[in-house]
Each structure stands twice: as C-alpha cells, then as structure tokens.
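*Asks:* The following comprises the amino acid sequence and a computationally predicted model.
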Amino acid sequence: MQRTIEDITTELIRLPKKDRLEIARFLLFLDNRSSDTNDTDAAWEQEISDRVLAVNEGTAIGLDYDEAMKKIDERFAS
C-alpha cells in the first residue's frame, strides 16, 4: 500500500528537529541541482546552517503544526 503525503508528514513531524531540518536540506538540494544555481545553493546552505544552529542553541522560534497548516490553508485558499 502506498503511503499518502499526510501519512509521511505525520511521521516526519515526530522526528527530532535536527532530523527534520536535514530532510528539508536534502529536499531543497534536490530542487536546486541545476548547474547555474551555485549562488542559490550557497545561500540556501547558509540559511539551513543558520537555522540548524538556531535550533541547536534553542533560539529558533517554532510554530505549532496545526497553526502552520491553518496559515497555509488561509494563504492559498481559492
């Protein structure tokens, strides 16, 4: 049986923050693999590093999953 995006998302939410950030980094890498994205890759790499550091230092400001999904739904409602 194929898992749904909702199933995968639910599983990902249960992971530690550091693991979730690493997965985000990997997915961003997949989307930016073209040869002309060196500057973009460097910028994303720095952004991700900054965010991982903030999580590790306890200075990151998180958002509850349900609240985040509500904001996304409101923003992209047709």
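*Replies:* Cool, got the structure.
*Asks:* Centroid-nearest residue for the chain?
*Replies:* With distances taken as Cα atoms, centre = their mean, residue 24 lies nearest the centre of the chain, 3.9 Å away.
*Asks:* Which pLDDT value belongs to it?
*Replies:* Note for residue 24: predicted pLDDT of 89.
*Asks:* what do you get for residue 16?
*Replies:* Taking residue 16 on its own, its pLDDT is 92.
*Asks:* Same check on residue 39?
*Replies:* For residue 39, the model assigns a pLDDT of 78.
*Asks:* Then residue 78?
*Replies:* At residue 78, pLDDT is 65.
*Asks:* What about residue 21, how many residues nearby?
*Replies:* 19 (other Cβ atoms under 10 Å). In this view, the C-beta of every residue, glycine as well, is placed from N, C-alpha and C.
*Asks:* Surely it is in contact with residue 51?
*Replies:* Yes: judged on Cβ atoms under 8 Å, residue 21 makes contact with residue 51 at a distance of 6.1 Å.
*Asks:* Which SSE is immediately downstream of whichever helix in the chain runs longest?
*Replies:* Secondary structure assigned by DSSP state H gives helix 38-57 as the longest helix of the chain. Note on helix 38-57: by DSSP states H and E, the next helix or strand toward the C-terminus is helix 65-76.
*Asks:* Dump that following helix to CSV, restricted to CA.
*Replies:* What follows is helix 65-76, C-alpha atoms only, in CSV (Å, rounded to 0.1, in the frame of the first residue of the first chain):
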residue,chain,number,x,y,z
TYR,A,65,2.0,22.3,13.1
ASP,A,66,-1.8,22.8,13.2
GLU,A,67,-1.3,26.6,13.3
ALA,A,68,1.2,26.5,10.4
MET,A,69,-1.2,24.4,8.3
LYS,A,70,-4.1,26.8,9.1
LYS,A,71,-2.0,29.7,7.9
ILE,A,72,-1.0,27.9,4.7
ASP,A,73,-4.7,27.0,4.1
GLU,A,74,-5.7,30.6,4.6
ARG,A,75,-3.0,31.9,2.4
PHE,A,76,-3.6,29.6,-0.5
